[in-house]
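Student: Sequence isn't available, so here's the structure alone:
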C-alpha cells in the first residue's frame, strides 16, 4: 500500500496499542472456561463500566447541560456512529418519542450504511470520512444543533468526518470513546472517555464498550429531558399513551400523584387529550385544557414551574383584593 493517503482513503494503520484492541490477561483461557466460569468472568469485567461512568461524571454533566441549552433554543440532538456504536445511538434516539413524547426529529441517530446497517453488518462503510460529512450536510445541521460522535476505539473515519463537518457548521460537538486521550485525539467541545479496559473477547467492543456506551447515552438523553421539564419528580409525565401498557402507566401516574380513583384518573386523562402532564396541571390548578396548554407553553413545558407560577398568581390576586 502506498505510504500516502487522504481522509477518504486512510492507510491501514496498526491499532494494537489501543485500549479497546488489547488482550485481556484475565480471559486468555476463555475457550477453556465452563459456562459458569464464563458468566462470572463477564460479571467481574462488567463492573468496570460503573467505574468508567463515575470517572467521566463531569464530562457527562457538561454534555447534558450543553445539549439541554441547545434544545431549549430550537436545536436537535444527533448521535453518529458505525457498527455497534451507531446502533446504540439509533436505539437511544428511537426510544425518546415514546418515553418523553418528543417529535422524532428532535433526537436522531445516524449510522454508517443507513437503516440497512441496523440489521446487517456494514463495517466497511465506517472507513468513509466523506460519508460522515455528507450525513451532516444532508440533515442541514446548524449552530443550534448538537452532534454526538460515538467511536469505541476513537478512530472511526465516518465519525471523525461527521464531527469535523458539524464543527465547521458551528454545532456543539460531543465525542464518546473508550480509549484514553493520549492514544487518540478527538476534536470536540465535550470529550467523554469511558475507559473499561480490554474486552473479554479481544477487540469485541460490543461487550464492555457497548455496555458503557449505552449507560452513557441513557444518562445524557434522560438528563437532557429532565432539564427540559419532561419529568416530574421521577415520573414519566410526557409518556406517549400509544398502547395498553403505556395507557396503564399513565393512569397509575395520575392515581399516584393525585389520589384519584382509577376511573376518575381515566376521565381526567381523556379530558386532557391523553396528556399526563396537562391532566396533572388541570387537576392541581382547576384550569381547563386550553388554559393549561397556554400555561405549559408559557413555561416551556415545565409542569412544576407552571404550577408554582399559577399558585403565586392566584395568591397575588387574593392579596390585591384584601
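Tutor: Nice, thanks for sending it over. Keep in mind it's a predicted model, so treat the numbers as computed, not measured. Numbers count the residues shown, from 1 in each chain.
Student: in the stretch 1-150 of the chain, which segments are predicted with low confidence?
Tutor: Low-confidence segments of the stretch 1-150 of the chain (pLDDT under 70): 1-12, 14, 16, 122-124.
Student: where exactly do the strands run in it?
Tutor: Using DSSP state E, counting those that start in this stretch, the strands of the stretch 1-150 of the chain run over residues 77-81, 107-111, 146-150.
Student: would you turn those into TSV with distance to residue 98 and mean neighbour count?
Tutor: C-beta coordinates here come from the backbone N, C-alpha and C atoms, glycine included. Below are those laid out as TSV (distance: least, C-beta to C-beta, whole Å; neighbours: other C-beta atoms under 10 Å):
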stretch	distance to residue 98	mean neighbour count
strand 77-81	16	27
strand 107-111	12	24
strand 146-150	20	30
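Student: how about the helices in the stretch 101-250 of the chain?
Tutor: Using DSSP state H, counting those that start in this stretch, the helices of the stretch 101-250 of the chain run over 129-138, 157-168, 208-227, 244-258.
Student: of those helices, which approaches residue 56 most closely?
Tutor: Ranking those by proximity to residue 56 (C-beta to C-beta) places helix 208-227 first, at 7.3 Å.
Student: so what secondary structure elements neighbour that closest one?
Tutor: Secondary-structure packing of helix 208-227 (3 or more C-beta pairs under 8 Å, 6 or more residues apart in numbering; DSSP states H and E): helix 35-46, helix 48-55, helix 57-72, strand 77-81, helix 83-100, strand 146-150, strand 172-177.
Student: hmm, back to that, tabulate the strands of the stretch 1-150 of the chain (JSON lines), appending distance to residue 18.
Tutor: Output for these, formatted as JSON lines (distance: least, C-beta to C-beta, whole Å):
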{"stretch": "strand 77-81", "distance to residue 18": "17"}
{"stretch": "strand 107-111", "distance to residue 18": "22"}
{"stretch": "strand 146-150", "distance to residue 18": "16"}
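Student: Identify, out of the helices and strands packed on helix 208-227, the most deeply packed stretch.
Tutor: Burial of the helices and strands packed on helix 208-227 is given as mean neighbour count (mean count of other C-beta atoms under 10 Å); strand 146-150 ranks first at a mean of 30.
Student: gap between residue 90 and residue 185?
Tutor: Using C-beta to C-beta, to the nearest Å, residue 90 is found at 26 Å from residue 185.
Student: what's the answer for residue 205, then?
Tutor: 19 Å.
Student: now residue 31
Tutor: Separation of residue 31 from residue 185 (C-beta to C-beta): 36 Å.
Student: which of the two has more neighbours?
Tutor: Neighbour totals were compared for residue 31 and residue 185, and residue 185 leads with 10 against 7 (other C-beta atoms under 10 Å).
Student: Make CSV from the helices of the stretch 101-250 of the chain and add mean neighbour count to it.
Tutor: Formatted as CSV, the helices of the stretch 101-250 of the chain follow (neighbours: other C-beta atoms under 10 Å):
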stretch, mean neighbour count
helix 129-138, 19
helix 157-168, 24
helix 208-227, 21
helix 244-258, 16
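Student: Among those helices, single out whichever gets nearest to residue 189.
Tutor: Among the helices of the stretch 101-250 of the chain, helix 157-168 comes nearest to residue 189, with 8.0 Å by C-beta to C-beta.
Student: ok and that closest one relative to strand 77-81, angle-wise?
Tutor: In terms of direction (axes from the mean of the first three to the mean of the last three C-alpha atoms, to 10 degrees), helix 157-168 departs from strand 77-81 by 150 degrees.
Student: I'd like the average pLDDT over helix 157-168.
Tutor: For helix 157-168, mean pLDDT is 97.
Student: contacting residues around that helix?
Tutor: Helix 157-168 has contacts (C-beta atoms under 8 Å, 6 or more residues apart in numbering) with 7, 10, 78, 80-82, 85, 110, 112, 125-133, 135-137, 141, 145, 147, 149-151, 173, 175, 186-188.
Student: Kindly recompute the last result at 7 Å.
Tutor: When contacts are defined by C-beta atoms under 7 Å, 6 or more residues apart in numbering, helix 157-168 is touched by residues 7, 10, 80-82, 110, 112, 125-133, 135-137, 141, 147, 149-151, 173, 175, 187-188.
Student: closest to residue 225 out of the helices and strands packed on helix 208-227?
Tutor: Among the helices and strands packed on helix 208-227, the nearest to residue 225 by C-beta to C-beta is helix 83-100 (4.7 Å).
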